[in-house]
Structures are given as structure tokens and as C-alpha cells.
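> the sequence isn't on hand, but the structure is:
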């Protein structure tokens, strides 16, 4: 079945169900399978069998769920919280694995939630369902090890073994040596990233067809706005999604980090997601003009990549 036929079936019926899923759900009801996350990987491997179009292991799904549950968080558009998910977690994870490994997984719309900002404005978060967060964690666990080795050491946001405090400590040390800084905040980074350009960057580092396919589907999943209207998304990656920080860092690696390091090698910087500072040295006469030129050049670079 081709992808557009699968999507049509998905919209008519909600989700596609394979014969394997029917049999395991019948088994669940018949045998009253009840489990907890304390089960070992051997039992989980016995519960689900390999042999699908895409090589996604059962333990990947289980480990992804453990990570998602550890991060906690509210439910998505289906209203399902962890307490309810856990009552039938084996079957739910089996169904997710079956769909992901067979190519028939489509994420639900993300739930739009507005949170207040310090400036009085509101930030729109996109909260996926628990099931979709697990799927995104599977993708993240595959993609992140491919990208982490190339990311710049001065990129601190949402990365393993790095924190905002690390960025502050580095910035403080550099400020003692370099008197001037350019501070920047990229407004709407998560909302405006060009999907085609982002997927093109992912393809440079990942050749797994299923990863590219599912990232594309996650990016295009519509958002249920606070006023209950459903809005299609043609750009951006939801701030609130599990894989969004990795994708945003990949985009900014090319849009800013590598470009800045190459073009302005004498100006160190620190970036935490969409916020950062650039350190500058210059006399009073040329400081202003150099700073303006640098900022304008950065804006032009970002505009070219976002549009």
C-alpha cells in the first residue's frame, strides 16, 4: 500500500490495524495480560516478534517509553495520562511497534497549549500524545548519536551532559577577556523552520528511510489550537515534541554555529537553543559598525535558511 493510500485509510478509520494487532489484542483480553515496567527485556522480547519491513527492535520501544515516562508530562489530544496508559502498556506498545516497523504509523495531532512569557506574551507549545512521544523518542535515540559528535562545543541547549549553567560559566569567563557582546534571541525558531530544508539536513547524516519518513510525518502533524480549531503545519517543529530539540539544534548547527565559526572565527559565542551571545573585541570607533554589520549578516543568513 502506498503512503497516500495509507493516509486515506488512516483518516477514514483513525488508524490502520494489521492482523498481527488483532491477534495480540485478542490474546491480551483472553489471557488478561497484566504487566509493569519492571518486566525484563527477555519477557518483552518473547511478547513481540521480529520480522517487519523496518528494523526497529522491541526493546527500543520499551526503553523509549521508560524515558518518556521518566520525563512525565501531560497527555495529548486523546486525553490519556500515564496512569491510564500503564493499565494496558504492553498492548499499547506492541501496537505502536507493529505500526512503526510496518510503515503504517501516523502521529495524532499535537495539542496546542499556551504558556505565559515574562514579557506578557504567550508561547504556544505542541504536546504530542504519550504514544507519539514514545515514537519520537525512538527516532531521537537513533538520530541523536549520529548528530552529537559534529555539534559545536558551544551549543548547550538540550544536549547530553550540557546545561544552561555550563553556558553561563563559559560566557562569564570570556566576558573577562572580551568586553563587548552581541545578544540574540531568535523569535519563533521552533515555529518557522522550513520543513524541506530541515529534512534535507537530516538526509545528509541519516539514510534510514523509516527515520526520514516518520520525522516528516511528525513535522506535518496538525496542531489542535486552544480554541479547538485544527491547524495544518507547513513549517516549524513543535516546542514540546521529544525530537524537536535535536532537529532545532541540527538546523542551527548549519544556520549559525558552523557559519559563525567559519566566518567570524575570532568571535567566540555561546548558544542555548534560540538564545545566545557573541563576544567581540574592538575599539570605540568601529565597535558599533562592526556589531551592526555582524547582526545584519546573521539576520540575512537566517532569513535565507528559514524561507
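Great, that's in hand. What you see is a predicted model, and the numbers here were worked out from it, not measured in a lab. Residues are numbered from 1 along each chain as shown.
> quick one, phi psi at residue 123?
Per-residue torsions, residue 123: phi -110, psi 130 (degrees, to the nearest 10).
> what sits against it?
Residue 123 makes contact with 114, 115, 116, 117, 239 under the criterion CB atoms under 8 Å, 6 or more residues apart in numbering. For the C-beta atoms, the positions are set from N, CA and C on the backbone; glycine is no exception.
> how far does stretch 215-227 sit from its chain's centre?
Between the centre of stretch 215-227 and the centre of its host chain there is 12 Å, according to CA atoms, centre = their mean, to the nearest Å.
> show me which positions of that stretch end up buried.
Neighbour counts over stretch 215-227 (16 or more other CB atoms under 10 Å) mark 215, 217, 218, 219, 221, 222, 223, 224 as buried.
> now do stretch 85-96
By 16+ other CB under 10 Å, the buried positions in stretch 85-96 come out as 85, 86, 88, 89, 90, 91, 92, 93, 94, 95, 96.
> one more: stretch 106-115?
Counting neighbours by 16+ other CB under 10 Å, one finds that the buried residues in stretch 106-115 are 106, 107, 108, 109, 110, 111, 112, 113.
> quick check: mean pLDDT across it?
When pLDDT is averaged over stretch 106-115, the result is 95.
> next up, the contacts around residue 179.
For residue 179, the contacting residues are residue 281, by CB under 8 Å, 6+ apart.
> mind checking how far the residue most central in space within the chain is from residue 103?
Nearest to the mean C-alpha position of the chain, by CA atoms, centre = their mean, lies residue 243 at 1.7 Å. In this structure, residue 243 and residue 103 are separated by 18 Å, where distance is defined by CB to CB, to the nearest Å.
> going by distance to residue 76, which of the buried residues of stretch 215-227 wins?
Using CB to CB, the shortest approach to residue 76 within the buried residues of stretch 215-227 belongs to residue 224, at 8.7 Å.
> in the sheet, who's paired with the closest one?
residue 111, residue 230 (DSSP bridges).
> touching, it and residue 124? I think so.
No - contact between residue 224 and residue 124 fails when scored by CB atoms under 8 Å: they sit 11.3 Å apart.
> which neighbours do the two share?
Between them, residue 224 and residue 124 share the contacting residues residue 112, judged by CB under 8 Å, 6+ apart.
> okay, the residue nearest to the centre of the chain: pLDDT?
Here the pLDDT value assigned to residue 243 is 96.
> residue contacts, it?
136, 137, 139, 140, 143, 215, 218, 237.
> next: residue 234.
Under the criterion of CB under 8 Å, 6+ apart, the neighbours of residue 234 are 195, 220.
> circling back: how about the buried residues of stretch 106-115 in TSV, adding distance to residue 228?
TSV is the format used below for the buried residues of stretch 106-115 (distance: CB to CB, whole Å):
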residue	distance to residue 228
106	21
107	19
108	15
109	11
110	14
111	11
112	10
113	13
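> about what we covered before: out of the contacts of residue 123, which is nearest to residue 129?
Set against residue 129, the nearest of those by CB to CB is residue 239 (16.4 Å).
> now the nearest residue to the closest one once chain neighbours are set aside: which helix or strand?
Distances taken as CB to CB, 6 or more residues apart in numbering place residue 190 nearest to residue 239, at 4.0 Å, with adjacent residues excluded. Element membership for residue 190, per DSSP states H and E: helix 189-192.
> who does the helix or strand just after that helix touch, helix- and strand-wise?
Tracing the chain C-terminally past helix 189-192 and defining elements by DSSP H and E, one meets helix 195-205 next. Helix 195-205 sits against helix 130-147, helix 209-220, helix 244-252, with contacts defined as 3 or more CB pairs under 8 Å, 6 or more residues apart in numbering; DSSP states H and E.
> switch the cut-off to 7 Å
If contacts are counted by 3 or more CB pairs under 7 Å, 6 or more residues apart in numbering; DSSP states H and E, helix 195-205 sits against helix 209-220, helix 244-252.
> for those, which one ends up most surrounded?
Between these, helix 244-252 has the highest mean count of neighbours, a mean of 23, where neighbours are mean count of other CB atoms under 10 Å.
> contacts made by that one with the rest, please.
Contacts of helix 244-252 from elsewhere in the structure, counted by CB atoms under 7 Å, 6 or more residues apart in numbering, are 140, 143-144, 147, 151, 155, 157-159, 189-190, 193, 198, 201-202, 237-238, 271, 273.
> of the residues you listed, buried ones?
Going by neighbour count (16+ other CB under 10 Å), the contacts of helix 244-252 have 140, 143-144, 147, 151, 155, 157, 159, 189-190, 193, 198, 201-202, 237-238, 271, 273 buried.
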